[in-house]
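In: give me a 3D structure for the following:
(chains A, B, C and D)
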There are 4 protein chains.
Amino acid sequence: MGIVLGANRYGKAETRVFRIVRDTDRHVVRDLNVSTSLSGDFAAAHVHGDQGQVLPTDTQKNTVFAFAKQVGIDEIEDFGLALARHFVDDVGPVTGADVRIEEYAWERIADHDHGFCKRGPDVRTARVVVSPDGTTVGGGIRDLVVLKSTGSEFAGFLVDGYTTLAPTHDRVLATSLTVQWTYAAGEGHDWGAAYDAVRRTLLDRFTRVHSLALQQSLWEMGRAVLETVPAIASIELVAPNIHHIAVDLEPFGLANDGEVFHVTDRPYGLIEVTVEREG
Amino acid sequence: MGIVLGANRYGKAETRVFRIVRDTDRHVVRDLNVSTSLSGDFAAAHVHGDQGQVLPTDTQKNTVFAFAKQVGIDEIEDFGLALARHFVDDVGPVTGADVRIEEYAWERIADHDHGFCKRGPDVRTARVVVSPDGTTVGGGIRDLVVLKSTGSEFAGFLVDGYTTLAPTHDRVLATSLTVQWTYAAGEGHDWGAAYDAVRRTLLDRFTRVHSLALQQSLWEMGRAVLETVPAIASIELVAPNIHHIAVDLEPFGLANDGEVFHVTDRPYGLIEVTVEREG
Amino acid sequence: MGIVLGANRYGKAETRVFRIVRDTDRHVVRDLNVSTSLSGDFAAAHVHGDQGQVLPTDTQKNTVFAFAKQVGIDEIEDFGLALARHFVDDVGPVTGADVRIEEYAWERIADHDHGFCKRGPDVRTARVVVSPDGTTVGGGIRDLVVLKSTGSEFAGFLVDGYTTLAPTHDRVLATSLTVQWTYAAGEGHDWGAAYDAVRRTLLDRFTRVHSLALQQSLWEMGRAVLETVPAIASIELVAPNIHHIAVDLEPFGLANDGEVFHVTDRPYGLIEVTVEREG
Amino acid sequence: MGIVLGANRYGKAETRVFRIVRDTDRHVVRDLNVSTSLSGDFAAAHVHGDQGQVLPTDTQKNTVFAFAKQVGIDEIEDFGLALARHFVDDVGPVTGADVRIEEYAWERIADHDHGFCKRGPDVRTARVVVSPDGTTVGGGIRDLVVLKSTGSEFAGFLVDGYTTLAPTHDRVLATSLTVQWTYAAGEGHDWGAAYDAVRRTLLDRFTRVHSLALQQSLWEMGRAVLETVPAIASIELVAPNIHHIAVDLEPFGLANDGEVFHVTDRPYGLIEVTVEREG
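Out: Coordinates of the predicted model:
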């Protein structure tokens, strides 16, 4: 039974490109972290060390910088599409490209023309995959940290011999969301408007849904996104449960009616849910 | 020549306490990271292993949680003062306490009563030191990331045999500020108003000062803070220079007139400046 | 077109369990980070908030601790198998379990019975997946950082209009390996011996292969592992290229014949290769 | 009351220089992270923006790379001395220099001539300070993670109204040491031999001392270092207490006689101790 090369790809990760649009005195800034990865028939590079078909990762980095000028950076989905298509269309051996982009938000300081302050912690993301099977475009957001100080329960759960958790009808619910969605085929979508709608809908549903479990909140959040943004085909939510443990203050003669909590780091619950359109 | 015990102290670092004020349906939340460190004559604990004078660090943690209920958390400077004084006044062997607090900001989601979203990346800090020499209270802010896309120069600098840097009259200036200030003696200061004024002044000066060097920006920022907030005796600014390097696009037949930059991680310039009142 | 629940799972991530085997004065210690994730029909929990079928993540954590005593921790693959099977076999609604384990290495200090020093940076990993389709066991290693100070080339590569990289016949090759392999079906494998053989083979091949590209090194490393360890069915290597850039010392009147390098953080090449058995 | 410039300094942090000594086929590699900071009268740079006295931080970086060739890198203390003296002696306005160096350890793979594997997690450090008051040289080690699975107690401690901790006569003691020592004046010390002796002594004392508290262990470790290495004037040990909490297994019908522990992240005890020579 022989040994063969399986799936493989290569690219340049985390090119940190900063773009100033300075056509007028009122500058616009775009701050990206771009990772590109190319696939194709690169067997010779692996098996024989022949690099004749391999476009250097250094060139991929250069391309990102050049495109920041040549193509410009408006919506990151479009920038990813331009890069991915270029690699597949213009570089002979390349048949597939996976481009991931993170965008860091800057807000104007007192509406100043060229002074900015970083806003976070949440980061907008995009992913474009071009392959022989077609093109998919995804949007996303990570590190969106949200919390409800009430309106969250966890009770009526399955109990086995290792269960010690007490049910509760009032707890703190907190998570740091990583959300990724896929757009329906076609590229005429208004990426920016969709992103804004998703972010707003996630926050709204997280807040307003009376939560019987983080699973339920995530389902309602994902469902509302699909209802609100027709261009989105499916959405995946990954949510660590940032446990806030009520501290027992009785030894100190104090009551703790949901007022004082210990925020823990590890371990943490981790819920992963995909919501999609039927069929 | 004998060997002796020198300076020593011990405490509990990074107690993550979360406090909900739920007197009405409109909850207020406070999210802190509290570190306490105690000093005194603890020679016996070190040299003889006798712990009779040592209040466990576990107790210090408990005290933080208990005080979150008993004293409550309003301004973090006051919470630090309550903790530091308690340890020095109420725990026999303790003669000094150093309490450091970080506060993470949460903002209401659509003005909701109990739904919140984390805001960053900047973090408010405080430090209270009680010692036999008296009490000092400090405020601070860290990870305040700011950027100017123009209005910054660096030229006319000293040149030696190892200098290759070209002078520039238009560059990107970016930094992640860690700022700590010390209040004048006395505790009747309005900590929250002072913090707001410092943050606002730092942003304003960073933006408006035409910068001939990061040093100059920092000096002007510090000076303005002291002018604006009489309660502050001195201020220290620590500022990594987040280098944005203009990318050479000529090999690709493109001009780069201050539009495309590579953001680098390391190495970075690091400027440290204290501004204080005379005498 | 309706909206439906897609793939979902939930679990407890990063339970940090430390186990001492103290049957004799010569203690053995095992230091693990265990993440469990369960799948099954949990639609009711999401859609109706009904937790009746949901074993709390807190219980999963408890189970890890209990099994550390009850089952004991010998090879992490066996510990993962015990946990995964328990969840699938003993917890009604659970039809699948994904258990990931990291093990941190401690070495005896001067062969002492109960004094240890942490050894790294590399970490041993394992992953056990039990599903309706069967059971797969994987081993792995991450953060294995290796470097060759010569014996590495990169030349003859594809050149396009964005290529500026010069070919080189002598460079530093450095990477931080994340490697994961899958065992052939069946569980009678000697996990520990296999792990040792993989680690030794990876280091040997990385060192001895004259590298014409990182791709080639990875292929040769993967191939040698499959040749050496029959129990392994396939192996995936993920390798960031930690670029060591030769510094231009000419401005200072100095030659740099491969002696002085700048180690960069970002961007970095990223090579991903799977090597597998035919058929 | 005027506002004045206080203490200030500036430099280049984290220059990552890698040096290969390739005089023979058996290469030697040195992997450093160098931070330099300069002081002097830089008031004009701050107050007037006049950079005429300011050697750019970029030049400081260049100097590190040039010295890696020109001076070479043997012991990091000597490399730091060469850099610090150069800045103070050769750069007019500079009157003080603070040079901090970290060195990452690489070990040969199977005694190979040019193949290496990174060893950690502990890192060797050095600090050289040249000022108008003279020169001080310090050595250090950070992230030296050690653990005793028995032979550690914590009992007989002070109890107040916030104390709930139970005394114990057998616990796990674990810490991640950051240790810094200062050499006696004079520079003829054998830095490498001293470093080896300190590391060995720290490990030996941590292991062999029956610990009544982390404080006591640290004192004994520091004392033994001063006894063993006459060239060292004082030593500071900073030790987070990595708490290993015995898990209560009774709910599951299991005993836990010091066998199963939960390793926690935060909060953690933090002990800081300096041991020095009398007078």
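
In: switch to C-alpha atoms for all contacts and neighbour counts from now on
Out: OK.

In: the strands in the stretch 101-250 of chain A, which residues?
Out: Using DSSP state E, counting those that start in this stretch, the strands of the stretch 101-250 of chain A run over residues A:115-131, A:134-148, A:173-183, A:232-241, A:244-246.

In: now mean neighbour count, mean pLDDT and distance to chain C too, for these, in JSON lines please.
Out: Formatted as JSON lines, these follow (neighbours: other Cα atoms under 10 Å in any protein chain shown; pLDDT from 0 to 100; distance: least, Cα to the nearest Cα, whole Å):
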{"stretch": "strand A:115-131", "mean neighbour count": "22", "mean pLDDT": "98", "distance to chain C": "16"}
{"stretch": "strand A:134-148", "mean neighbour count": "21", "mean pLDDT": "98", "distance to chain C": "17"}
{"stretch": "strand A:173-183", "mean neighbour count": "22", "mean pLDDT": "98", "distance to chain C": "13"}
{"stretch": "strand A:232-241", "mean neighbour count": "22", "mean pLDDT": "98", "distance to chain C": "8"}
{"stretch": "strand A:244-246", "mean neighbour count": "18", "mean pLDDT": "98", "distance to chain C": "12"}
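
In: so which of those strands gets nearest chain D?
Out: Of all these, strand A:244-246 sits nearest to chain D, with 13.3 Å by Cα to the nearest Cα.

In: close to chain D, is the closest one?
Out: No. Residues of strand A:244-246 are not located near chain D by Cα under 8 Å from any Cα of the partner chain, the shortest gap being 13.3 Å.

In: who does that strand pair up with?
Out: The sheet places strand A:244-246 alongside strand A:260-263 (antiparallel), with pairing taken from DSSP bridges.

In: contacting residues around the residue of the stretch 101-250 of chain A found nearest chain D?
Out: Proximity of the stretch 101-250 of chain A to chain D (Cα to the nearest Cα) peaks at A:Tyr162, 6.2 Å away. Applying Cα atoms under 8 Å, 6 or more residues apart in numbering or on different chains, one finds that A:Tyr162 lies in contact with C:Thr59, C:Gln60, C:Asn62, C:Thr63, C:Ala66, D:Pro251, D:Phe252.

In: settle this for me: the second one is touching C:Gly11, isn't it.
Out: This points to C:Gln60. Yes. C:Gln60 lies in contact with C:Gly11 (Cα atoms under 8 Å); the separation is 7.2 Å.

In: gap between the longest helix anywhere in chain A and the chain center?
Out: Secondary structure assigned by DSSP state H gives helix A:191-208 as the longest helix of chain A. In terms of Cα atoms, centre = their mean, to the nearest Å, the centre of helix A:191-208 is set 13 Å apart from its chain centre.

In: dump it to CSV, restricted to CA.
Out: Backbone C-alpha positions of helix A:191-208 (Å, rounded to 0.1, in the frame of the first residue of the first chain) are rendered in CSV as follows:
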residue,chain,number,x,y,z
TRP,A,191,-22.1,43.4,2.1
GLY,A,192,-21.9,46.4,4.4
ALA,A,193,-25.6,46.7,4.9
ALA,A,194,-25.9,43.0,5.5
TYR,A,195,-23.1,43.1,8.1
ASP,A,196,-24.8,46.0,9.9
ALA,A,197,-28.1,44.2,9.9
VAL,A,198,-26.5,41.0,11.3
ARG,A,199,-24.7,42.7,14.1
ARG,A,200,-27.8,44.6,15.1
THR,A,201,-30.0,41.6,14.9
LEU,A,202,-27.6,39.4,17.0
LEU,A,203,-27.5,42.1,19.7
ASP,A,204,-31.2,42.6,19.6
ARG,A,205,-32.2,38.9,19.9
PHE,A,206,-29.5,38.1,22.5
THR,A,207,-31.0,40.9,24.6
ARG,A,208,-34.7,40.4,24.1
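
In: contacting residues for A:Asp98?
Out: Per Cα under 8 Å, 6+ apart, neighbours of A:Asp98: A:Thr36, A:Ser37, A:Leu38, A:Ala84, A:Arg127, A:Val128, A:Val129, A:Val130.

In: neighbouring contacts of the longest helix of chain A?
Out: A:75, A:77, A:139-141, A:146, A:148, A:217-218, A:220-222, A:224-225, A:228-229, A:231, B:109-110, B:112, B:114-116.

In: measure A:Val89 to chain B for me?
Out: Actually, residue A:89 is Asp rather than Val. Counting by Cα to the nearest Cα, to the nearest Å, the gap from A:Asp89 to chain B is 18 Å.

In: and the host helix or strand of that residue, what other elements does it pack with?
Out: In the assignment (DSSP states H and E), A:Asp89 maps to helix A:76-90. Under the contact criterion of 3 or more Cα pairs under 8 Å, 6 or more residues apart in numbering or on different chains; DSSP states H and E, helix A:76-90 touches helix A:57-70, strand A:94-108, strand A:115-131, strand A:134-148.

In: return the residues of the stretch 51-200 of chain A in contact with chain B.
Out: So the stretch 51-200 of chain A meets chain B at A:65-66, A:68-70, A:109-110, A:112, A:114-121, A:144-150 (Cα under 8 Å from any Cα).

In: mind redoing it with 6 Å?
Out: Taking Cα under 6 Å from any Cα of the partner chain as the measure of proximity, the stretch 51-200 of chain A contacts chain B at A:His114, A:Gly115, A:Phe116, A:Cys117, A:Lys118, A:Gly120, A:Pro121, A:Val145, A:Val146, A:Leu147, A:Lys148, A:Ser149.

In: could you pull up the residues touching the last one?
Out: Spelled out, it's A:Ser149. A:Val172, B:His114 (Cα atoms under 6 Å, 6 or more residues apart in numbering or on different chains).

In: could you redo the last one with a cut-off of 7 Å?
Out: A:Val172, A:Leu173, B:His114, B:Gly115 (Cα atoms under 7 Å, 6 or more residues apart in numbering or on different chains).

In: just the pLDDT for it.
Out: We note a pLDDT of 98 for A:Ser149 in this prediction.

In: which of the contacts of A:Asp98 lies closest to C:Trp181?
Out: Ranked by distance to C:Trp181 (Cα to Cα), these are led by A:Ser37 at 22.0 Å.

In: tell me what the closest one is bridged to.
Out: With DSSP bridges as the rule, A:Ser37 is bridged to A:Gly11, A:Asp98.

In: please apply the same query to A:Thr136.
Out: Beta bridges link A:Thr136 to A:Val129, judged by DSSP bridges.

In: list the residues that contact it.
Out: Contacts of A:Thr136 by Cα under 7 Å, 6+ apart are A:Val128, A:Val129, A:Val130, A:Ala185.

In: likewise A:Leu55?
Out: Contacts of A:Leu55 (Cα under 7 Å, 6+ apart): C:Phe157, C:Leu158, C:Val159.

In: most neighbours among the residues you listed, which one is it?
Out: Within the contacts of A:Leu55, neighbour counts (other Cα atoms under 10 Å in any protein chain shown) peak at C:Phe157, which reaches 19 neighbours.

In: that one contacts A:Gly52, correct?
Out: Yes. Under the criterion of Cα atoms under 7 Å, C:Phe157 makes contact with A:Gly52 at 4.6 Å.

In: related to what we said a few turns ago, which member of the residues of the stretch 51-200 of chain A next to chain B is positioned nearest D:Pro167?
Out: For those, the nearest to D:Pro167 is A:Ser149 (35.6 Å; Cα to Cα).

In: and the closest one, how close does it get to A:Ser39?
Out: 47 Å (Cα to Cα, to the nearest Å).

In: any idea how far A:Gly139 is from the closest residue to A:Arg142 other than its chain neighbours?
Out: Take A:Arg142 and drop its neighbours on the chain: the residue closest to it by Cα to Cα, 6 or more residues apart in numbering or on different chains is A:Thr178, 4.1 Å away. Separation of A:Thr178 from A:Gly139 (Cα to Cα): 11 Å.
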